[in-house]
Every structure is written in structure tokens, then in C-alpha cells.
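Visitor: output the structure for:
(one chain, ligands or ions: 1)
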Amino acid sequence: MTLTSTTNSIASKHTFDSYRRFIQNHYDGLPGALTSVTGLLTGHEALAGRLIRPNAFDVRGCRRILDAACGNGRYSRFLLRHADPNAVLTSFDLSPRMLTRARARLHGNRVSHAVADLTRLPYADAAFDAIVCGWVLEHLPDPRLGLRELARVLQPGGKLLLLSTEDTFTGTMCGRLWHCRTYNRAELRKVCTECGLRWEREMWFSPMHRLLHLGGIIVELRRE
Ligand SMILES: C[S@@+](CC[C@H](N)C(=O)[O-])C[C@H]1O[C@@H](n2cnc3c(N)ncnc32)[C@H](O)[C@@H]1O
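Guide: Reported below is the predicted structural model:
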């Protein structure tokens, strides 16, 4: 299926390899360092906690959890808070500096970090019971490159919380700022199904986000 969703100007002028290098440098540098500040200003630091908790994306009972493209560890923090004491969290990111930032805020022996690319994951098939993949699919030229890898490393029946920039006005503005594309919700749903990921339920940061259709595409998926 051909996607109608927008691409961004940098990605469209480059091969995926050079765009990926650009993104790695981008997050290694000042914009990556500022994600903790922007997270506080936009409320995303706190909003992450509204998604990862019992009655929302519930990771109780999941022993092997993956934070895909963990950035500064915003979602890892809540995953560790709500996971069972014997659960282990694996986190990866393309940017070594983002991993340093994540390590600085997450302590303990329940979490490990690695530099890795979402399109070539260094993990075995069915290695995880639950995955969070936040705001990274929009950095791929084709979502299937990431979704197939996520489906591969997710245990059949395992759950995935996927967050992605939507092709709305605010999403397009974010895409310009962070040099990423946006997705059309219905198209992304079809592509997820194509990759063996069942679209279980759409989520929103808050009732206000749902009402105003803000905050992007947030969905819980199940591996078929
Ligand atoms: C907007 S940040 C999101 C970070 C974190 N998931 C969060 O929600 O706070 C996007 C992250 O994706 C990482 N990234 C971009 N392309 C990637 C790829 N192909 N593989 C792995 N990580 C990637 C960037 O380095 C950056 O840390």
C-alpha cells in the first residue's frame, strides 16, 4: 500500500542512511539535550505517566519489556515504576548521547541500554512481552521497516504501545521542528495490520486531547 502521509524536506532530499546520520547527530546535539526541557514545558514528561499505568498501558505481568528508541528515558521511568519487581527493561536508541541522558535518570540493575537502529534490531524473535515505541516511527521513510522488526521481537499475544505524529496541523508543525514525517491514522492502522499487529484500542493523553484531537496517534497493538 502507498502511504499518502507527509514526508519532511530533509528526509526527501537524502537517502535513508544519510537522513539517519542527520537524525543521530540531531539528537546527539543540542535538540536532544533540550528534550528534557521541552518535555517539561509541553507537559509530555507528566503526560507519559497517564499512559503507562494500570488501567491504561498496563505492564504488570510482563517480564521482558522493551523501550524502543527510548530517548532520554521518559517512558522507561514509568515502565520501571509500574512493572513487576522481577521485570527487566531493555532500552535502545540510535543516539549514544540520548542513552547517556537516559542512564543519568534511570538507576538500578533492572534496565540495560544499547545503541541500535529500529530497522535492524539486535534481539531474538519473540524476545519481549511488551514494547513501548514512542515518537520514532515518523523518522523512518516507510513505517513497515520498523513495524516488522517490532512485530518480530514481540511475543505472539504481546502488547505494543505505539505513539506517532499525526497528519494534523499541530502534528505537521511538530514534524517541521523535529525533521520527521507524519502519519494518517487510517493508513497507519492498515500498515500495522499488514505487519501482524492488531490495532486494539486508541488512547489519548486526556479527555481534552481526545476532544480536540491533539497529542498524536497513540494506540495499543497486539501481536497476532
Ligand atoms: C522524539 S524522540 C522520542 C524519545 C522517546 N521515545 C520519548 O518518547 O520520549 C525520538 C528518538 O528516536 C531516536 N531515533 C530516531 N531514529 C531512530 C532509529 N532509526 N532507530 C532508533 N532510534 C531512533 C532518536 O535518537 C530519538 O532519541
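
Visitor: CA only for contacts and neighbour counts going forward, please
Guide: OK.

Visitor: spell out which parts of the protein neighbour the ligand.
Guide: 24, 27, 69-71, 74, 93-95, 98, 116-118, 134-136, 139 (Cα under 6 Å from any ligand atom).

Visitor: max-length helix in this protein?
Guide: Counting residues, the longest helix in the chain under DSSP state H turns out to be helix 16-28.

Visitor: residue 166 reaches residue 219, doesn't it?
Guide: No: if you go by Cα atoms under 8 Å, residue 166 and residue 219 don't touch, sitting 12.0 Å apart.

Visitor: surely residue 140 touches residue 146?
Guide: Yes: if you go by Cα under 8 Å, residue 140 and residue 146 touch, sitting 7.4 Å apart.

Visitor: tell me which of those two has more neighbours.
Guide: residue 146 (24 against 19; other Cα atoms under 10 Å).

Visitor: other residues contacting the longest helix of the chain?
Guide: 10-11, 32-33, 94-98, 139-141 (Cα atoms under 8 Å, 6 or more residues apart in numbering).

Visitor: and stretch 217-224, by the same measure?
Guide: Under Cα under 8 Å, 6+ apart, the answer for stretch 217-224 is 57, 151, 154-166, 185, 196-204.

Visitor: then stretch 86-95?
Guide: 24-25, 27-28, 62-71, 76, 79-80, 99, 110-118.

Visitor: show me the beta-bridge partners of the residue nearest to the spatial centre of the chain.
Guide: The C-alpha lying nearest the average C-alpha coordinate of the chain belongs to residue 134 (Cα atoms, centre = their mean; 1.8 Å). Counting by DSSP bridges, residue 134 forms beta bridges with residue 163.

Visitor: tell me who's in contact with it.
Guide: 68-70, 161-164.

Visitor: does residue 39 touch residue 47 like I think?
Guide: No: using Cα under 8 Å, residue 39 is not in contact with residue 47; the gap is 9.2 Å.

Visitor: for those two, indicate the residue with more neighbours.
Guide: residue 47 (18 against 15).

Visitor: residue contacts, the more buried one?
Guide: Counting by Cα under 8 Å, 6+ apart, residue 47 has contacts residue 205.

Visitor: need the three-state assignment for it.
Guide: Of the three states, residue 47 takes helix under DSSP: H, G, I helix; E, B strand; the rest coil.

Visitor: and it, how close does it get to residue 61?
Guide: 23 Å (Cα to Cα, to the nearest Å).

Visitor: next one: residue 26
Guide: For residue 26 relative to residue 61 (Cα to Cα), the value is 36 Å.

Visitor: now do residue 195
Guide: 25 Å.

Visitor: and the buried ones among the contacts of helix 16-28, selectable in ChimeraX?
Guide: In ChimeraX, a selection of the buried entries from these looks like this (16 or more other Cα atoms under 10 Å):
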select :10,11,32,33,94,95,96,97,98,139,140,141
